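**Student:** Next input, structure requested:
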Amino acid sequence: PSLALRYSLPDWLADHFSRELGPDADAFCAHLNVPGPITLRVNPLRSSREELAERLRSEGVSTHPGPWSPLALHIDGPRPNLYALPSLQEGRFEVQDEGSQLLGLLLEALPGETVVDLCAGAGGKTLQLGAAMRDSGRLFAHDPDPERLDRLLQRSSRAGLTRVQVLRTPPTSGLGADRVLVDAPCSELGSLRRGPDQRFRITPDVLAHFPPLQLDILQRGADLVRPGGRLVYATCTVNRAENEDVVSAFLAARPDYRLTRPGAGWLSEACLRDGFLFVAPHSHGTDAFFAAVLERSAG
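**Tutor:** Take a look at the predicted model:
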């Protein structure tokens, strides 16, 4: 039988994964039919990973460390009622896929810096960045959905973060940020296992819908970065048109930026593909994520 029939996919989507992943398409599609792990990200302002694991054990939850992110704990066994746990109410952790954690780590935010999360959503990576900054400096979070920003403020308080500033309108160029994260809206093909019906709700035009928007957001993010600063572009999809092609178009238009190796000194080579971050469920146990690390020239 065809790839589409084996793994219950629309023909066009199975064909797309075959083109994108080649011989890995079969394993990737098989993992779309298996529930993803429940992964936690420790809040280092509240606990170490080891301390959190011990605390969760006392609350009846068994975990094991993630292999890729130093902040990740995977839950063993069936999903517990996480929202009833005192450790969550105390802001000791957030639920966040391990691949998503890597996106925040690639920014390598430092205490005292000015950092922007340009597509913040409900703020999982914003909270991660705030903890990395030790709740110092300036941390801006923008999203067009005001309800998401309201939830972000509630979660920030629980996590012990006081320096998060939500922006309900996009920040203007010339902010002089040390680091900017653009986790762009995308076709979300990398997280299909989280919503099994989504594969039948999307149509082939999704593959070409996002790149113009992504390139525009990336350009706006680039204008916020100071000379010598860092820009991270990320998606949760498997589509070169939204990933490598957007980065190539951006670099062709912006000679003041260059591509640099993601996570030099700490990120495993197993998480890299052609100079970019690329992780996927069949090879890393994460949802599929892509990221490019771009640095602005100091001149």
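**Student:** Contacts only, for residue 47.
**Tutor:** 55, 92-93 (Cβ atoms under 8 Å, 6 or more residues apart in numbering). Backbone N, C-alpha and C define where each C-beta goes, glycine included.
**Student:** Can you point out the buried residues in the helix or strand of the chain with the lowest mean pLDDT?
**Tutor:** Least confident helix or strand of the chain, by mean pLDDT, DSSP states H and E, is helix 146-159 with a mean of 93. Neighbour counts over helix 146-159 (16 or more other Cβ atoms under 10 Å) mark 149, 152, 155-156, 158-159 as buried.
**Student:** for stretch 186-204, same thing?
**Tutor:** Buried-residue list, stretch 186-204, by 16+ other Cβ under 10 Å: 186-193, 199, 202.
**Student:** Present these as a markdown table; the columns should include pLDDT.
**Tutor:** Shown next, in a markdown table, are the buried residues of stretch 186-204 (pLDDT from 0 to 100):
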| residue | pLDDT |
| --- | --- |
| 186 | 98 |
| 187 | 98 |
| 188 | 97 |
| 189 | 98 |
| 190 | 97 |
| 191 | 96 |
| 192 | 97 |
| 193 | 96 |
| 199 | 96 |
| 202 | 97 |
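**Student:** of the residues you listed, closest to residue 288?
**Tutor:** The closest of the buried residues of stretch 186-204 to residue 288 turns out to be residue 190 (Cβ to Cβ; 2.9 Å).
**Student:** separation between that closest one and residue 198?
**Tutor:** 11 Å (Cβ to Cβ, to the nearest Å).
**Student:** With residue 57 instead?
**Tutor:** Distance of residue 57 to residue 198, given as Cβ to Cβ: 34 Å.
**Student:** Am I right that residue 277 is in a strand?
**Tutor:** Yes. Applying DSSP: H, G, I helix; E, B strand; the rest coil, one finds residue 277 inside a strand.
**Student:** Number of residues surrounding it?
**Tutor:** 23 (other Cβ atoms under 10 Å).
**Student:** Run through the bridge partners of it.
**Tutor:** As for beta bridges, residue 277 partners with residue 272, residue 291 under DSSP bridges.
**Student:** correct me, but it touches residue 261?
**Tutor:** No. Applying Cβ atoms under 8 Å as the test, residue 277 and residue 261 come out as separate, 9.8 Å apart.
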